[in-house]
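**Student:** Below are the sequence and a predicted model; questions follow.
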Amino acid sequence: MTKGTENRQRKSAARLYAVQALFQMEHSGVSIDTVRQEFEEHRIGATYEGVEMAEANINLFRKTLESAVNWQAKIDQMTDRALVAKWPLGRIDPTLRALFRAAGAELVDNDTPFKVVITEYVDVARAFFPEGKEPKFVNAVLDHMAHEARPEDF
């Protein structure tokens, strides 16, 4: 495996872990510090029942979590505007809500090209919803959010 491929895989894993951590924070009410520590010490790169969890880019994981928390109100407002009126953010599946917050964090507070952010989080949606229509939905919502967060890129 080339170094570039390994780095991309670690970034992809960081995004997946960030979505899981944000979901856990919302679901159980734990703090960012608690969930970050749990993931870094017990999940990222750990082995469970002989299955090795992926290594992740820790810096991207941390920055995504912190940005999602720091910018949550702005990200949630952007997400709400991207959703149809009948489906406000509160009615969206909690996994998708966590995904939109993680992706929104990268769109608002990161220099990753928006096309990469969209592609990566559509892939995360495929991991969580392999048979559903959610990846197409995620693509449409993130495209709308990217236009709002980075109008200069269009």
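**Tutor:** Noted; the coordinates are in hand.
**Student:** list the buried ones in the helix or strand harbouring residue 26?
**Tutor:** Element membership for residue 26, per DSSP states H and E: helix 3-28. Within helix 3-28, the residues scored as buried using 16 or more other Cβ atoms under 10 Å are 10-25. Heads up, the C-betas are built off the backbone N, CA and C, glycines and all.
**Student:** tell me what that helix is packed against?
**Tutor:** Judged by 3 or more Cβ pairs under 8 Å, 6 or more residues apart in numbering; DSSP states H and E, helix 3-28 is in contact with helix 32-38, helix 58-70, helix 94-109, helix 114-128.
**Student:** do you know which of those lies nearest residue 51?
**Tutor:** Distance to residue 51, taken as Cβ to Cβ, is lowest for helix 114-128 among the helices and strands packed on helix 3-28, at 15.2 Å.
**Student:** could you give me the average pLDDT of that closest one?
**Tutor:** In this model, helix 114-128 carries a mean pLDDT of 97.
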